[in-house]
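> What shape does this take:
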Amino acid sequence: MAKHGKKFLEASKKVDRQKYYTVKEAIDLAKETSVTKFDSTIEVHMKTGLDPRQADQQIRDVVVLPNGLGKTVRVLVFCQGEGVAKAQEGGADYIADSDEWIQKIQQGFADFDVAIATPDMMAKAGRLGRVLGPRGLMPNPKAGTVCAAADLPRVIKEAKAGRVEFRLDKSANLHVPVGKSSFGADKLYENVAAYLDAVKKAKPSGAKGQFIKRVTISSTMGPGIRVDLTNALNLGALE
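Numbering: from 1, shown residues only. Purely as a prediction, here's the structure:
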């Protein structure tokens, strides 16, 4: 079992392990129990009843958080031709329009948080699957990160504003950042509500039994706070 520091142990004393908190209570407690010297991230963790091995029980979608994530998001765009001007218009930080860029990324360039591609560049971007895939950065139509050149300004601006991808992991869990501990509780609440609503809409056709089994809110390196499932699901209007 991992040993926790003094600050974590002190913060944990504020959390009642037998209690299921409302979303608002959990947000307040996550802010209060943040133990990092930096502005920690508030995260929502969800345990689902899905089977990740089944193709019709997958979840991969995006949500635009109304109050953003409170961090600077660096965007790289794979594009060419008219896409270059559109990427510049959208405020892309990097425009990968050549084989030199592919080589640069293969050699370790990683100073970006989101990668977007136009369809005509997916063949080249696809060569980076082993590099970008493990980091969750491979452009994907389901995640909305493969788009027509005309849509680049919108997609880039959404990425910078707080567009977050969520996907089911091998343990049937969903993990998503919803803001910073310095955010006001109301802003975090709005972001959590938007995320829960997005999960509802992403419920796969093959889902059987109880869709969401557990919801926990925490800060980076802080203790997990169990959320009352009825409160959480009503918040996002989940079935």
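> Contacts only, for residue 42.
Applying C-beta atoms under 8 Å, 6 or more residues apart in numbering, one finds that residue 42 lies in contact with 27, 30-31, 177-181, 183, 188, 217-219. All C-beta atoms are positioned from the backbone trio N, CA, C, and that covers glycine.
> any idea which element it lies in?
strand 41-48 (DSSP states H and E).
> Which SSE is immediately downstream of that strand?
Sequence order places strand 60-64 as the next helix or strand after strand 41-48, per DSSP H and E.
> What residues sit buried inside that next one?
Of the residues in strand 60-64, those scored as buried under the neighbour-count criterion (16 or more other C-beta atoms under 10 Å) are 61, 62, 63, 64.
> Please state the offset of that strand from the chain centre?
If you compare the mean C-alpha spot of strand 60-64 with that of the full chain, they lie 8 Å apart, counting by C-alpha atoms, centre = their mean, to the nearest Å.
> sorry, back to before: need the contacts of residue 42 in TSV with neighbour count, pLDDT and distance to residue 46, can you?
Converted to TSV, the contacts of residue 42 look like this (neighbours: other C-beta atoms under 10 Å; pLDDT from 0 to 100; distance: C-beta to C-beta, whole Å):
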residue	neighbour count	pLDDT	distance to residue 46
27	28	96	15
30	30	94	15
31	21	93	20
177	19	93	13
178	29	95	12
179	26	94	16
180	22	93	20
181	21	94	20
183	21	95	20
188	27	96	16
217	25	96	10
218	21	94	12
219	24	93	17
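> Tell me how the chain divides into domains.
According to automatic domain parsing, the chain comprises the domains 12-69+163-235, 75-161.
> what's the closest of the buried residues of strand 60-64 to residue 137?
residue 62 (13.8 Å; C-beta to C-beta).
> got the contact list for the residue lying farthest from the centre of the chain?
In the chain, the greatest distance from the average C-alpha position (C-alpha atoms, centre = their mean) is reached by residue 81, at 30.4 Å. Neighbouring residues of residue 81 by C-beta under 8 Å, 6+ apart: 120, 149.
> Direction included, what does the strand holding residue 42 pair up with?
Strand 41-48 has these partner strands in its sheet, going by DSSP bridges: strand 173-180 (antiparallel), strand 212-219 (antiparallel).
> That strand: how far from the chain's middle?
Strand 41-48 sits 10 Å away from the centroid of its parent chain (C-alpha atoms, centre = their mean).
> Kindly report the same for stretch 172-192.
10 Å.
> Can you show me the CA trace of that stretch as CSV?
Written as CSV, here are the backbone C-alpha positions of stretch 172-192 (Å, rounded to 0.1, in the frame of the first residue of the first chain):
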residue,chain,number,x,y,z
ALA,A,172,-14.7,0.5,-17.3
ASN,A,173,-13.9,3.9,-15.6
LEU,A,174,-14.2,7.4,-16.9
HIS,A,175,-11.7,10.1,-15.6
VAL,A,176,-12.1,13.8,-16.5
PRO,A,177,-10.7,17.1,-15.2
VAL,A,178,-13.4,19.7,-14.6
GLY,A,179,-11.3,22.8,-13.6
LYS,A,180,-8.9,24.1,-11.0
SER,A,181,-9.2,24.3,-7.2
SER,A,182,-9.0,28.1,-7.5
PHE,A,183,-12.3,28.1,-9.5
GLY,A,184,-15.4,29.3,-7.7
ALA,A,185,-17.6,26.4,-6.5
ASP,A,186,-20.4,27.6,-8.9
LYS,A,187,-18.1,27.4,-11.9
LEU,A,188,-17.0,23.9,-11.0
TYR,A,189,-20.6,22.8,-10.4
GLU,A,190,-21.5,24.1,-13.9
ASN,A,191,-18.6,22.1,-15.4
VAL,A,192,-19.6,18.9,-13.6
